[in-house]
Structure formats: C-alpha cells, structure tokens
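>>> Model the following, please.
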Amino acid sequence: MSDNPTPKNEKKDSFEQKKFSLEQRKFKVECATLFLLFMYTAVAGWNLQVARDTFNAANRPYVSVNEVDVAPVGKQPTGKPVMSGTKTKETNALVFRAQIKNFGPVPGTNFLARWRIFVAGVQRLGQKKVPDLPSTIFPSQSFYLKGGITGPDYPAIISGEKTLTIEVTVEYDGPSGHYKECNKNQYAPDINAFLNLGPMCTN
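Prediction:
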C-alpha cells in the first residue's frame with residue numbers, strides 16, 4: 001500500500017488551506033477597517049472639539065482691568081480739594097480709579113468685582129469690596145472702582161518709601177462657562193502711574 005495521500009485527500013487539504021487563508025485575510029481586513037473607523041472617529045471628534053473651542057473663544061465676554069488712573073490731590077486756598085496732574089508741595093493725597101471693561105462681543109452675566117489695597121504689603125481694611133455692582137456688564141461697557149490714600153502714608157508712597165499695590169478680582173458668566181481672574185497693579189511714583197504686574201495676586 002502506498003503512503004502517499006489519495007487525490008481526494010489532497011483536494012480536501014487544499015480546500016482547508018484556502019479556507020484558512022481567506023479567514024486570515026478577512027480578519028486582517030476587519031482589523032484594518034476597525035482601525036480606520038477608530039481613526040476617523042477620533043479625528044472627527046477632535047475637529048468638533050476644535051470648532052467648539054474656537055466658537056466659544058470668539059463668543060464669550062472678556063472682562064478685565066483696562067487701566068488704573070491716578071492723580072495727586074491738593075487744596076485750594078479756600079480749602080477745597082483740587083486734582084492735580086503732577087505732584088507738588090500742595091498735594092497731600094492720591095486718588096486712583098481702576099477701569100474694568102468688557103472687551104468681548106457678548107455680555108458678562110452675574111458680574112462681580114472686588115479689590116484689595118495694600119500699603120507696604122499691609123491690606124487696608126474697609127476697601128475689600130465695592131457694593132452695588134451691576135449684575136451684567138455689556139460689550140464695551142466699563143465699570144470703575146475708586147480709592148485714595150491720604151495722611152502719613154501719602155508722603156511715604158510718593159517718596160517710594162512704601163509701596164502701593166491693588167489687586168482687582170472679577171468674576172462673571174458667559175454662554176459657555178464661568179470665568180474668574182485677578183490682576184495686580186503697583187504704583188510707580190517716578191512716573192506717577194500704576195504698572196500692570198499681571199495675574200500675580202496673593203490668593
């Protein structure tokens with residue numbers, strides 16, 4: 001008897017090999033299809049997130065401190081206070097005003113603003129927050145916080161012996177979320193102006 005497989009067995013083995021080869025190819029095609037589907041879904045999701053972030057960034061309020069005005073104050077011979085553009089022997093106080101502005105294209109709702117004033121690092125009580133704030137700040141609208149320094153602190157600040165800093169915190173809502181930021185400014189007596197130190201608030 002011969003050990004060689006019969007022609008019938010050869011056909012069976014060849015069929016099984018072809019079937020196995022087709023199943024392997026089908027499995028590879030399915031894996032490649034799933035991978036491409038995953039990549040398409042990931043890219044589509046990323047593009048959607050980018051579009052959403054771009055839309056939210058372009059359609060939200062941007063409320064921040066625009067500038068801080070400052071002016072020395074003296075007295076007329078009649079005793080009436082008068083604001084001066086420069087420091088003189090007659091000036092005995094310093095008044096300043098922080099302008100908060102909405103730079104965005106949409107209103108900021110639930111708007112709140114507060115500030116803290118520090119002289120030589122020591123916070124001045126009674127000036128931590130300003131009441132009667134509007135609940136909505138509209139595009140291009142400004143709101144002002146006002147304060148002043150007088151008494152023995154005035155000559156110390158004007159001479160540079162003591163530092164005068166203010167920290168302004170704003171909170172507000174936009175169409176896509178809640179926002180909060182704090183801005184720190186320090187008075188520079190040499191140029192009679194406040195310098196913006198950025199988001200360097202104490203807390």
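>>> Walk me through the domains of this protein.
1-58, 63-198 (automatic domain parsing).
>>> tell me the mean pLDDT for the shortest one?
Okay, so that is domain 1-58. What domain 1-58 shows for mean pLDDT is 64.
>>> show me where the chain has helices.
For the chain, the helices defined by DSSP state H cover 7-58, 153-158.
>>> In the chain, where is pLDDT below threshold?
Filtered on pLDDT under 70, the chain yields the residue ranges 1-23, 27, 42-57, 76-85, 125-134, 203.
>>> in it, which spans are strands?
63-75, 81-83, 91-102, 108-119, 122-123, 136-137, 142-150, 164-174, 177-188, 193-198 (DSSP state E).
>>> so what strands line up beside the fifth one?
When pairs are called by DSSP bridges, strand 122-123 turns out to pair with strand 108-119 (antiparallel).
>>> and the partner strand, which residues are buried?
108, 111-119 (16 or more other CB atoms under 10 Å). Using the backbone N, CA and C atoms, a C-beta is placed for each residue, glycine as well.
>>> I'd like these as TSV, with distance to Ala58 appended.
Output for those, formatted as TSV (distance: CB to CB, whole Å):
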residue	distance to Ala58
Gly108	15
Phe111	20
Leu112	24
Ala113	24
Arg114	28
Trp115	29
Arg116	32
Ile117	35
Phe118	36
Val119	41
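>>> do you know which of the strands of the chain lies nearest Arg25?
strand 177-188 (50.3 Å; CB to CB).
>>> Sheet partners, orientation included, of that closest one?
strand 164-174 (antiparallel), strand 193-198 (antiparallel).
>>> In it, which residues are buried?
If you call a residue buried by 16+ other CB under 10 Å, then strand 177-188 has these buried ones: 179, 182-185, 187.
>>> and the two most separated of the residues you listed?
Largest separation among the buried residues of strand 177-188 by CB to CB: Tyr179 and Tyr187, giving 27.0 Å.
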